[in-house]
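Engineer: I would like the atomic coordinates for the input below:
(one chain, ligands or ions: 1)
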Amino acid sequence: MSLDFYNVAEFFTDEEKMIQKTVRDFIQKEVIPNIATWYEKAEFPRHLISKMADLGLLGANLEGYGCAGLGPTAYGLILQELEAGDSGLRSFVSVQGALVMYPIYAFGSDAQKEKWLPGLQQGKKIGCFGLTEPTSGSNPGGMKTTAKKEGDHYILNGSKYWITNATIADVCVIWAKTEEGVRGFLVETNRPGVKTEDIKQKFALRASCTGEVILSDCKIPKENILPKTEGLKSALMCLNQARYGISWGAIGAAQSCYQQALEYTKDREQFGKPLASKQLIQDKLSWMVQEITKAQLLAWRLAKLKETGQMKHYQISLAKKNNVWMALEIARMSRDMLGANGTTYDYHVGRHMCNLEAVKTYEGTHDIHSLVVGEAVTGISAYR
Ligand SMILES: Cc1cc2nc3c(=O)[nH]c(=O)nc-3n(C[C@H](O)[C@H](O)[C@H](O)COP(=O)(O)OP(=O)(O)OC[C@H]3O[C@@H](n4cnc5c(N)ncnc54)[C@H](O)[C@@H]3O)c2cc1C
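Structural biologist: Sure thing, here's the model as predicted:
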């Protein structure tokens, strides 16, 4: 069961509903019974990669190379149902599809596409996306990683930090400064000069690998450059794909928290009556219903704009910012409504809450998306 107060599902085709149900069933069967243990142990459930690949969830919105070629709504619903399970699982699918397969698909040579896309789609190869560095996050233009051309090769030096899938990846899409500006490169992680390390002791996204990719005089053939990348604009195009998915994914986490708060407060009695009979509790539930419904309509409309080629980057920013904020507020509120029990892994709300703190920060922070929308409406850039 998940909330659909305005029957938004009426907008979905039978195929989209079927895809949504398939992923929902997968999450209920494979993820919900075990996620608390994986989260507590800070373990990414690697064995689920092949199962997700078999369901066609990797690069699901791309065409060819074994990809499912789904439209934006079906793709969004996949991410929504995955994130109802855990944001870490959705992060894996977002990175693999939107940040690794998409750049190869959009900016790669035919040989690169043939070499990488089928394996990535089947989950036999894993990718990561290296843009952020220890000293540059919101401002990727401040990156220090360089790629120097020497004959038939490039020599890469630098460090990429906070990289999802870093230590399990076969290939990393590395963004580096060259004499012609920022370009994207495919760097196999088993090359000499590449080292990866996990970032440990995170309190968010514990069931997801996050790490560092260190490049020390890493020599790659010139064929490994993504030939159609043109400056940071290309990296931002990848981020737009991922941010679109997050705006759907966050709804799943919010629905999961709302459902748990609803069931818990109907069941739990204090002062001789169920908590759900109290006006303050009903006000909170009603606020959650209102915000989830608004977020669903925003995501659905964004999908239609994407489908018809009208979607603008600032519209994605508004949806990412609003929907993640809404989900985080609902997670925090649900955690509170479950009292002490809400602080344990026996319930999902605390885990979703911690995850969403990271989701609020990655793929452009909440504040940076405010500046994107601010620039769109005023024509004035306020970043610097
Ligand atoms: C779990 C996790 C996974 C991640 N995965 C990846 C990945 O796979 N690949 C990758 O490349 N990156 C990844 N990231 C990095 C993520 O994209 C960055 O953390 C994000 O871009 C923010 O950068 P920062 O952490 O350096 O924060 P900063 O840029 O230092 O920002 C700190 C604070 O300052 C605010 N701020 C920044 N600039 C301004 C401004 N101009 N005006 C007002 N306020 C401002 C921000 O909103 C924020 O509140 C991941 C991060 C996390 C937490």
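Engineer: CA atoms for contacts and neighbours, from now on please.
Structural biologist: Noted.
Engineer: how about the strands in the stretch 51-200 of the chain?
Structural biologist: For the stretch 51-200 of the chain, strands defined by DSSP state E, counting those that start in this stretch occupy the ranges 63-64, 67-68, 127-130, 146-150, 153-164, 171-178, 181-188, 194-198.
Engineer: most neighbours per residue, which of these?
Structural biologist: Comparing the strands of the stretch 51-200 of the chain by mean neighbour count (mean count of other Cα atoms under 10 Å), strand 127-130 comes out on top with a mean of 28.
Engineer: Partner strands of that one, with direction?
Structural biologist: Strand partners for strand 127-130, identified by DSSP bridges, are recorded as strand 171-178 (parallel).
Engineer: Make a markdown table from the strands of the stretch 51-200 of the chain and add distance to the ligand to it.
Structural biologist: Shown next, in a markdown table, are the strands of the stretch 51-200 of the chain (distance: least, Cα to the nearest ligand atom, whole Å):
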| stretch | distance to the ligand |
| --- | --- |
| strand 63-64 | 23 |
| strand 67-68 | 22 |
| strand 127-130 | 4 |
| strand 146-150 | 15 |
| strand 153-164 | 4 |
| strand 171-178 | 9 |
| strand 181-188 | 12 |
| strand 194-198 | 11 |
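Engineer: Relative to Ala53, which of these is closest?
Structural biologist: Ala53 lies closest to strand 67-68 among the strands of the stretch 51-200 of the chain, at 9.6 Å (Cα to Cα).
Engineer: and Val100, what is it in contact with?
Structural biologist: By Cα atoms under 8 Å, 6 or more residues apart in numbering, the contact set of Val100 is Gly127, Cys128, Phe129, Cys172, Val173.
Engineer: 7 Å instead?
Structural biologist: The neighbours of Val100, taking Cα atoms under 7 Å, 6 or more residues apart in numbering as the test, are Gly127, Cys128, Phe129, Val173.
Engineer: Then Ser256?
Structural biologist: Applying Cα under 7 Å, 6+ apart, we find Ser256 in contact with Ala84.
Engineer: State the distance from it to the ligand.
Structural biologist: Separation of Ser256 from the ligand (Cα to the nearest ligand atom, to the nearest Å) stands at 20 Å.
Engineer: What's the separation between that residue and Gln28?
Structural biologist: Per Cα to Cα, to the nearest Å, Ser256 is found 12 Å from Gln28.
Engineer: what are the ranges of the helices in the stretch 251-384 of the chain?
Structural biologist: Ranges of helices in the stretch 251-384 of the chain, per DSSP state H, counting those that start in this stretch, are 279-307, 313-337, 349-361, 366-378.
Engineer: Regarding Leu3, what is its secondary structure?
Structural biologist: With DSSP: H, G, I helix; E, B strand; the rest coil as the basis, Leu3 sits in coil.
Engineer: Spatially nearest residue to it, not counting backbone neighbours?
Structural biologist: With Cα to Cα, 6 or more residues apart in numbering as the criterion, Leu3 has its nearest non-adjacent residue at 6.2 Å, and that residue is Gln255.
Engineer: where does that neighbour land on pLDDT?
Structural biologist: On pLDDT, Gln255 comes in at 98.
Engineer: I figured it hits Ser2, correct?
Structural biologist: Yes - applying Cα atoms under 7 Å, one finds Gln255 in contact with Ser2, separated by 5.9 Å.
Engineer: Up against the ligand, what does the chain have?
Structural biologist: 129-132, 136-138, 162-164, 205, 210, 358, 361-365, 367-368, 383-384 (Cα under 6 Å from any ligand atom).
Engineer: Now, of the residues you listed, which are buried?
Structural biologist: Among the residues of the chain next to the ligand, those classed as buried by 16 or more other Cα atoms under 10 Å are 129-132, 137-138, 162-164, 205, 210, 358, 361, 363-365, 368.
Engineer: Going along the chain, name the helices of the stretch 101-250 of the chain.
Structural biologist: Secondary structure of the stretch 101-250 of the chain (DSSP H, counting those that start in this stretch): helices located at 102-107, 110-121, 232-267.
Engineer: now the chain, which segments are flagged as low pLDDT?
Structural biologist: For the chain, not a single residue meets the criterion pLDDT under 70.
Engineer: Kindly recompute the last result at 90.
Structural biologist: Along the chain, the parts satisfying pLDDT under 90 run over 1.
Engineer: Could you chop it up by domain?
Structural biologist: Domain assignment for the chain, taken from automatic domain parsing, gives 8-121, 127-230, 233-378.
Engineer: End to end on stretch 149-169, go ahead and measure it.
Structural biologist: Span of stretch 149-169 from end to end, Cα to Cα: 25 Å.
Engineer: My error: substitute stretch 29-36 in the last question.
Structural biologist: Distance across stretch 29-36, first residue to last, is 14 Å (Cα to Cα).
Engineer: How about it, which residues are buried there?
Structural biologist: In terms of neighbour count (16+ other Cα under 10 Å), stretch 29-36 has its buried residues at Val31, Ile35, Ala36.
Engineer: so the last one makes contact with Tyr345?
Structural biologist: Yes - proximity of Ala36 to Tyr345 meets the contact threshold set by Cα under 7 Å, at 5.5 Å.
Engineer: Arg24 is in what secondary structure piece?
Structural biologist: Using DSSP states H and E, the element containing Arg24 is helix 14-26.
Engineer: hey, C-alpha coordinates of that helix in PDB?
Structural biologist: Extracted C-alpha coordinates of helix 14-26, given in PDB (Å, rounded to 0.1, in the frame of the first residue of the first chain):
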ATOM      1  CA  ASP A  14      -1.100  -0.300 -17.700                       C
ATOM      2  CA  GLU A  15       2.500  -1.000 -18.500                       C
ATOM      3  CA  GLU A  16       3.800   1.700 -16.100                       C
ATOM      4  CA  LYS A  17       1.600   0.300 -13.300                       C
ATOM      5  CA  MET A  18       2.800  -3.200 -14.000                       C
ATOM      6  CA  ILE A  19       6.500  -2.000 -13.800                       C
ATOM      7  CA  GLN A  20       5.700  -0.200 -10.600                       C
ATOM      8  CA  LYS A  21       4.200  -3.300  -9.100                       C
ATOM      9  CA  THR A  22       7.100  -5.500 -10.200                       C
ATOM     10  CA  VAL A  23       9.600  -3.300  -8.400                       C
ATOM     11  CA  ARG A  24       7.400  -2.900  -5.400                       C
ATOM     12  CA  ASP A  25       7.100  -6.700  -5.000                       C
ATOM     13  CA  PHE A  26      10.800  -7.100  -5.500                       C
END
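Engineer: Thanks again, I'm all set now.
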